[in-house]
Structures are given as structure tokens and as C-alpha cells.
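Q: sequence and predicted model, in that order:
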Amino acid sequence: MRGAANIASARRSLGGREALAQVASEPIVGTGLGPEGAAGEPSAQVVGRSPWQLFWRRFRQDKFAFAGIIFIVLMVGLAVAAPLIARLVGHGPNQLFLYETTDEFGLPKGPHAAFFFGSDTAGRDLFVRVVYGARTSLIVAFFATGISVVIGVIMGLLAGYYRGKIDTFVSRIIDIVMSLPILLLALGLVAACGASKVGCLGGALKPGLLLVSYVIALFNWPYIARIVRGQVLSLREKEFVESARAQGSGDLRIMFREVLPNVVAPIIVYSTLIIPNNILFEAALSFLGIGVPINVPSWGKMLSDAGQGIFVVAWWMMVFPGLFLFITTLAFNLVGDGLRDALDPRTGR
Amino acid sequence: MRRYTKLLALVSVLGIIATACAQGGPEGTQTGDQNLQPGGTLELNLLGDVSAAFDPQKEYYSVTWEFYRCCLLRTLMSYRGTPTEEGGTEIVPDLAADQPTVSDDGLTWTFTLKDGLNFGPPFEDVPITAADFARALRREADPEGSSGGYNFYYSVIEGFDEYAAGDADDISGVTAVDDKTLEVKLTREAGDFGYRMAMHATAPIPPSPTDPEAPLGAATGHDKDYGRFLVASGPYMFEGSENLDFTAAPKQQDPVSGYEPGKSITFVRNPSWSADTDENRPAYVDRIEFSIGGTEEDNANQVDQGILDMQFDGVAPPQQVRQYQQDPNLSDQIFINPSDAVRYLSFNIAQPPFDDINVRKAVNFAIDKEGMRRIRGGPLVGEIANHIMVDSLQNNELKDYNPYPSPNNQGDIEAAKAAMKESKYDTNGDGVCDDPVCQDVLAVTDEADPYPDQAALISSNLEPLGITLDIKSFERTTMYDKCNDIGAHTAFCLAPGWGKDYADGTTFGEPLFGSGAIGPDACCNYALVGAAAEDLAKAEYPTTDVPNVDDALTACDETPAGDDRVSCWAAVDKDLMENVVPWVPYLFDNYVRTVSERVQNYTFDQFAGLPALEKVALSGGGA
């Protein structure tokens, strides 16, 4: 995924449409090195294709990645439609149906017509909670990833472009953050800031979904920053940067208009790959009991509820949230892999 | 008063009766059973270590109380180690030869010791005498010796507070008349004083071999760690007690090997103890071993496999209860006993919106108590509570009393709304709180099961009243700290439980509702009943005027034992429920435990609310 030449081509498509014509004639982007599909067409003449077309052709042929995309779209749809689904089913995520769904020992009953996934120990509809759990997971994952990407890109650009002291400074911060015991610190932070209504840092960090997202983002941006920095270090020596500089472009313009578009591909790939990590991280925090607030359904928390030995008699409490968590992270990973392969023709399959 | 650490009990009185009928009463002591053989090692686990490292003047925890009663320490008066219906809450002479004699004015109590009593190793040759009890009471008065304990029970003794304050050389009201006679003078009548002499802070402390005049005897120099140098008087002692050397300087002494804090506890037989002087403790097994740490799930599995002999400070999880209840082969290995504890939700009556009694009444109507019980394990976990003190303390006087009735105890939202209408926080009179103080009301609960589920139920019960909760969940000790701290402004405490110290209403009085029991320095009046105006102002509460019941508590305390005393406490209970409304009590719960196949003669000790270990025998003597 670090193919600088390929990145350069991507840059052109994003940087300016006028570059299209050049793309086709540039040998590296040519069909010869691409995956089988592009190369397999017995075409006498060279067809001009934009990098996006090439990317799409490659990506489309990766069936796993494609299935992943479909599943993610479904999951997002489910998450968005959660309130609608709850209304259709007739059960809210925090509504208790103790007398209908638990037996005289207070143990939950399994899946049946009205409760597709059964119920949990509080008599709540597990299906509706799993759907709402998708919301929590996706919101936290996307939000945390978004923050990581913004911070990581800015830090990486600064470090790679300016080099020298700034690079040293940023790189040491990255080293420090990456050497922190993530889970322990996250536990401490979320516990400390979630303990009171006010939150911490004078109310800047309030308990809730956002707090969890911030904490996760705090530990993820260095990975992005490192990749961006590495790319920028080599890109800043390229001719197009020199020519931009010769034209009198300022640092900011060069960084964001010339260099940044060329690192978009690895950023996309890497973001896609840290989304599942973030989903798992949120689940882990919730599993440990300090993630999202108590009334917000979360897959991790559901798994933790099931983990008290109760799954022996109520398998559905473990299986459904676990299955959704598993498939969702798998889907993001497959898509991430697919994106990487499609965006970087040098990684053979 | 002891807080309950792990109550997740699972079967009701109905359950008890049902099982009792079906199985010929596994709950009772199977006394007269000639097949019980002594011997063997009882294997047990403690989920958490004891709270004060076995220091008898400091331990205010039911588990340690049971260890003292069953095994380590004898007191002048004690309990039979049986359930209530077998007299388990009555005090009987233990080291004393008979019931105490009380002077006509009720102020002088005289105890006479049995003959032939000696301390355990290393003091096998030292007889237990009246002076040993004076040493214990001195240590109880000493603020260093009894920190975290329950010395308030003894300030009724003449000169106790003066000695505690360092203003006297000795407690003037405690006199060892001779070796066998202890005389205690009180400053006022206390009908329950006999119970107080059955608590282990009064267990005899031997004299120091190097300084027979030392006021604290062998405990001298062990302010912080006497528990690990404990000299036994009961049928068992810590392993390695014989190696204690009290002739060395306290710092040079090595503690017993039978207690490694946080790891393990081992009791072995005390060679000084004789069954001839002790009719309550058959002491079948030779050795009792505890590992410390683990989970209820682990314990349940290990009981299943016979690795552990029973649950001790934990209870059987619901899935195990269901299995043992439904499998006829296992149904004689499950035991259900009332814990004599109440579970409740505590309002902070100074914190809006609960500073308005009508809101508190509305919540009492709204809570689905049957649902709370269902979450804890269904109709078998205990009896729905509609008042504060457990029925067994009140001769069932308030058994049918229910000031906030609802159909099937599932909550009555219409009645709740009617109460809410009277509140100042419902300005338009629609029965729904419309004041911002009802939004995000700070509620604190235990993070462990089943409290999060219960919190979800409580939230949904209060929603129709316009009250939304901001629920924070903590590890149990932290949860209690947050509830107990007047400055924390916790409005609603969702997970407390309270068990009796002994079978008298006073143990549900002062510590829970007395103005002297308000934290953080005292415990456990989370509701802030009777809080002083200046303290409320200092903690920035909007109100400085809360109800106070101190006078009523004192009046009952001074009532002599008997029906009048019981009725007095029942009246306080009703007054609290109707005119103060500090709580939503919801359950008088039961303990449910499973035992391994080899356990015989399981007996429940109602005093501590735990299995009476000295009565357990192992099949075939553990062979």
C-alpha cells in the first residue's frame, strides 16, 4: 500500500482532472501491472482509464470485499433505521418485558416469535438491543476513526513536510502515545471522566459516547500519523512538489493541495482497517463496564452481561451480539484488504 | 451494623416451605442424627477477604462474625448457630454459666463464668477469667483498637466514653469482682445489652505473659494487627497458633501461619477447647480451609464438581439454582434461608427532587417490586418488603403493613401520579414532574449483577413520572462511599442492603436513621434523615430542613426488652415509611446455597446469616 507511483496517479485524479490524459500513458498505472481483470482484456488499443475506474474494476472483482461492503451498507441501514425497527417490533431498547420473557427463576427465555433473538436477564428484547448496539458501535467507530484521521493526517503532514525539529517533536509524541498501555489508560480515563456529571478537564470531556470516542481516537492517531509522515517524506522530494514550489506556492498549499491528495489512498485503506479495531475497542471497554453509559445498548456490554456464566443457560445472549460484532469487524477488515489491493496494484494476490 | 457484601439470594419463603415439605426439611439442623462422623477437611472459598484482618474489635462484617462464632472466639453470651425457628436469634450462655442477672433498676448486669475454660495455644494453661473481658472492653473503647468497629454499642457502659477519651485510667463500669464474676454498670437502661455482650468485641483477651497488668493484655502493641495474633477460645484456631510468642516484643512476634491476608485461611482444632463446656458447637470437621478470591460462577462450578463443599460469602447463581431445584437428585443439596436483611433504594431527602416527600411517595408507588425480585432470581429470592425492619425482628407485627400498595406489587402508576400531583415539582398538576430538577437525577448503583438490570427497571418505572436518572455504576465499596458522602449529592442510591447485627430493632435504627450516622465520617444514614442544618448548608443543599427521628430512636432504645420494645420499633418503622419516606424497601431476601455431595448436617446460623461451620459434618468423616 505504499506504492509511491500509484499514489502519484491517485493524486492526479484527485488533484485535477486535467491529468487524466497523462495517466493512461503512464506505464506504472497501465494494465500490465494490474490484477488479472484489467490485463485480461484483449484490447488492441490502449484504453484511457481514470485511476478510479481502474480501482473500481479491481475492487469489483474482489468478491469478499464486495460482500463486506454490502454487509456494511446493511449494517449502517439497520443502525439508521433502529428506531423504526423498534417501532415495528413494538419493543424499545430499554423497555423491560420481565414477566413475558423471564421464567420464575429470573432467567431469560430464548428466541421466539415476538422476541427473535430472545431476551436478556432484564427482560429486554435482544434483537432490538443488537440493532441499537450497531448504532453505538458504528457511531463510536466512525467518530473515533474520524478524529484519529484528522489528527493523524495533520501531525503526519507537519512532521513529514517540515522534517527537522518538528518531525522529531511529533515523532517522539507518537512514540510516547504508542508506548502507553492503551487499555489501562483508557480504563482510567473513562472511569475518571465518566464518574461524575461534570466530566473532567473542567467539563470538556463529558461522560458518554463522545468520551469513549475521544479516548479511542487518542490512541489511534499515531498510526495514521506515522504512515502519512512516511509518505510525505518521500513525496516532498518529488518533481511536482518542486514545481509547485517553483511556482511560488506556500507551504500550506503544497501540503494540502499537492501532497495530501497523494496520501489519500493509504489513509482510506488504513482508516478502513482501524474501524474494526475501534469497534472492538469500544466493545472491550463496554465489556469491562466502563464504556458507553449504562442505558446505551452496546455489543460489548451485552457480551459482558452474558459472560457471567449465564450463557450456559442463555446462549442467545452471547451468540447474537457476538455474531454481529464478529461479522461487522470481519466485513470492515475484508473491505480494508480489498481497498488495499485495489488501490495498490503492486500487492499481488 | 453490617453491610451485606454479596447478597444475590434466590428463593422465597414460599420456596423454603415448598422445599421443606418436599425434602423433609433440609433447612433445619438434623440434630440427633447419629450417623454424623467427626473428621475430614472442609474445603471452602471466600470471594473476598475479611474486612479488618480478623481483628475482633474492628471486624464489622458478617463473614468474620461467623468465623468468630463458629470457630475462633467464644463470648459470655452467644448464639446456637441455628435458624430463627430453632432459636437462632436468641442469645444463650456460652462462656457464661447462665443468663446474666440484671439489677432491679436495669443498670447493673452480672455475668458468671463456667468452670474449666482455658485459652487456646500458646496459652493452654491460662484460664479464662473475668478480667479478660475487661481487657476486651478496654480495647473496644480505645479508638486505635476499635477503629471501624462498633464501639457505639458500648458507650452505654459507665465510664466507657471517659476511658475512650483518655480521661480515665479504666472503665469505671466494668469490674472483675473475682475470677468468675464480671459486673457491668450502665448509664441508662438497655434492654438489648445481653446481645451486645454476644458480639465478638467482648471476647476475652488473655493477659500479657510479660506484663500481667497491661490494660490490653496480649493485644498490647498489636493495635493494627491483633487479628493475626488472635488467641482462640472456640473449638478451632488458626493453624500455627501454637507458635505465637507473646514474650517477645510485639514487633518481633511472628503472626499465625493459618491466615495469609488475601490468600488463604486455615482453621485447625483448638486443643484447649472441650465439648464438655460447649453445648452449641459439635465441631465435626478437623480442619477448615479457605482459599480467598474467585467468582460466584467459579464457586458454583466447583461445588458441582465437589472441589468446594459449599458457597460461603456468595450465593448460588440463578442457573445453578434452577438446576438444583429441578433435578430431583440435587434437590437435597440446595438450601434456602432468610438473610434477615432488607434491600432498598435510598433517597437523599435533601437533594431535589427527593427533598419533596410527595416525590418520594410517588416513587414508592411507582417501583415494580415484583420486577426487582424477578431480576434477582424470581419469586423465590425472598419476600417483597413494604417497610424497613425485617419481620422477624418485629414478631411479624408489620407483616401485612403496606403504605404504598400496588396490584401484585408491580407498581401503581396512577397512585404514583396522584402523589406527584401534590409535589411542588409538578406545577401543572398532571402527575408528571415538570421541573428541570427531575432531569438527570444522579443515581448511584453497584456495577455487578443484578444491579444494572435493576437500574434499567427503576429507570423505566420512573419515566412516566417525568423523572429521568443519570445512573453511575461503581464497584461496590465505591458505590457505598458515594451514597454515604453528604457532599457527593447522590440523589438516589440504588443498591444498598442492610442486615441486622442482632435480633433487635435498634440495629435498624441509629445506624440508618440517626443524625449521628451521616457520612462521610460515620455510616450509614445515606438518606440524611436528621441532618443538621449547618451541615446541609455547608454541603450546599437547597434545603436545610429535613425530618429528624433521633428522639423516637432513643425512646425505643431505652425501652426494656419485650413486647413494648418490639412495638416501639414497629411504630418507628411506620413513622419512617409514612412521614419521612427515606427509602423504597423492596426485598427481605433469602440466601440460597448449594453444597457438595459429602456435606451433612448443613445448618444456617441466623445470627451472622451464614452456614454454621461447626455443625457441618462430612460423609464418612471426610474419608
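A: Here it is on my side, so go on.

Q: helix or strand for the residue in the stretch 451-600 of chain B that chain A sits nearest to, which one?
A: Proximity of the stretch 451-600 of chain B to chain A (Cβ to the nearest Cβ) peaks at residue B:453, 3.6 Å away. All C-beta spots, glycine's among them, are computed from the backbone N, C-alpha and C. Using DSSP states H and E, residue B:453 maps to helix B:451-462.

Q: now residue B:387
A: Taking DSSP H and E as the definition, one finds residue B:387 inside no helix or strand.

Q: report whether the expected contact of it with residue B:399 is present.
A: No. With contact defined as Cβ atoms under 8 Å, residue B:387 does not reach residue B:399; the gap is 9.3 Å.

Q: who has more neighbours, the two?
A: Ranked by neighbour count (other Cβ atoms under 10 Å in any protein chain shown), residue B:387 and residue B:399 place residue B:387 first, with 24 against 12.

Q: in chain B, which helix or strand is least confident?
A: Ranked by mean pLDDT, DSSP states H and E, the weakest helix or strand in chain B is helix B:13-23, scoring a mean of 32.

Q: check the offset of the helix or strand following that one from the chain's centre.
A: As assigned by DSSP H and E, the chain's next helix or strand after helix B:13-23 is strand B:41-46. Computed by Cα atoms, centre = their mean, to the nearest Å, the chain-centroid distance of strand B:41-46 equals 21 Å.

Q: could you point out which element follows strand B:41-46?
A: helix B:62-67.

Q: how near is residue B:426 to chain A?
A: Taking Cβ to the nearest Cβ, to the nearest Å as the measure, residue B:426 falls 24 Å from chain A.

Q: what's the answer for residue B:267, then?
A: Plainly put, residue B:267 is 29 Å away from chain A if you go by Cβ to the nearest Cβ.

Q: in which helix or strand does that residue reside?
A: Residue B:267 belongs to strand B:264-269, assigned by DSSP H and E.

Q: what about the strands in the stretch 401-550 of chain B?
A: For the stretch 401-550 of chain B, the strands defined by DSSP state E, counting those that start in this stretch occupy B:441-446, B:469-474, B:492-493, B:497-499.

Q: who are the contact partners of the residue of the stretch 251-400 of chain B found nearest chain A?
A: Going by Cβ to the nearest Cβ, chain A is nearest to residue B:297 of the stretch 251-400 of chain B, at 3.8 Å. In this structure, residue B:297 makes contact with A:308-309, B:317, judged by Cβ atoms under 8 Å, 6 or more residues apart in numbering or on different chains.

Q: quick one: what helix or strand has it in it?
A: In this structure, residue B:297 is located in helix B:296-305 according to DSSP H and E.

Q: dump the C-alpha coordinates for that helix into CSV.
A: Extracted in CSV, the C-alpha atoms of helix B:296-305 (Å, rounded to 0.1, in the frame of the first residue of the first chain):
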residue,chain,number,x,y,z
GLU,B,296,-19.6,-16.9,42.3
GLU,B,297,-19.6,-18.8,39.0
ASP,B,298,-16.3,-20.5,39.8
ASN,B,299,-17.6,-21.4,43.2
ALA,B,300,-20.8,-22.8,41.7
ASN,B,301,-18.9,-24.9,39.3
GLN,B,302,-16.5,-26.2,42.0
VAL,B,303,-19.4,-27.1,44.2
ASP,B,304,-20.9,-29.0,41.3
GLN,B,305,-17.6,-30.9,40.9
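
Q: buried residues, that helix. List them.
A: B:296-304 (16 or more other Cβ atoms under 10 Å in any protein chain shown).

Q: so the residue nearest to residue B:207 when sequence neighbours are not counted versus residue B:132, what's the distance?
A: Spatial nearest neighbour of residue B:207, chain neighbours left out: residue B:217 (4.7 Å); criterion: Cβ to Cβ, 6 or more residues apart in numbering or on different chains. Distance, residue B:217 to residue B:132, using Cβ to Cβ, to the nearest Å: 7 Å.

Q: and these two? which has more neighbours close in?
A: The neighbour comparison of residue B:217 against residue B:132 (other Cβ under 10 Å) goes to residue B:132, with 27 against 24.

Q: now do the SS call for the more buried one.
A: When classified by DSSP: H, G, I helix; E, B strand; the rest coil, residue B:132 comes out as helix.

Q: need the contact list for the closest residue to it other than its chain neighbours.
A: Distances taken as Cβ to Cβ, 6+ apart place residue B:204 nearest to residue B:132, at 3.4 Å, with adjacent residues excluded. Residues in contact with residue B:204 (Cβ under 8 Å, 6+ apart) are B:74, B:95, B:119, B:128-129, B:132-133, B:135-136, B:233.

Q: for chain B, give me its nearest residue in the stretch 1-150 of chain A.
A: Of all residues in the stretch 1-150 of chain A, residue A:122 sits closest to chain B, at 3.6 Å by Cβ to the nearest Cβ.

Q: show me the residues around the nearest residue to residue A:148 once chain neighbours are set aside that make contact.
A: Using Cβ to Cβ, 6+ apart and skipping residues adjacent in sequence, the residue nearest residue A:148 is residue A:220, 3.8 Å away. By Cβ under 8 Å, 6+ apart, the contact list for residue A:220 reads A:144-145, A:148, A:152, A:274, A:277-278.

Q: include neighbour count and pLDDT when you put those into a markdown table, please.
A: Listed next are these as a markdown table, based on neighbours: other Cβ atoms under 10 Å in any protein chain shown; pLDDT from 0 to 100:
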| residue | neighbour count | pLDDT |
| --- | --- | --- |
| A:144 | 29 | 93 |
| A:145 | 28 | 94 |
| A:148 | 26 | 94 |
| A:152 | 27 | 95 |
| A:274 | 24 | 91 |
| A:277 | 19 | 90 |
| A:278 | 27 | 91 |
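
Q: Serialize the residues you listed to JSON lines and add fields for secondary structure.
A: Shown next, in JSON lines, are the contacts of residue A:220 (three-state DSSP):
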{"residue": "A:144", "secondary structure": "helix"}
{"residue": "A:145", "secondary structure": "helix"}
{"residue": "A:148", "secondary structure": "helix"}
{"residue": "A:152", "secondary structure": "helix"}
{"residue": "A:274", "secondary structure": "helix"}
{"residue": "A:277", "secondary structure": "helix"}
{"residue": "A:278", "secondary structure": "helix"}
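
Q: got the residue ranges for the helices in the stretch 201-350 of chain B?
A: B:296-305, B:318-326 (DSSP state H, counting those that start in this stretch).

Q: ok, now the stretch 201-349 of chain A?
A: Secondary structure of the stretch 201-349 of chain A by DSSP H, counting those that start in this stretch: the helices cover A:209-235, A:239-246, A:251-253, A:260-287, A:299-306, A:315-343.
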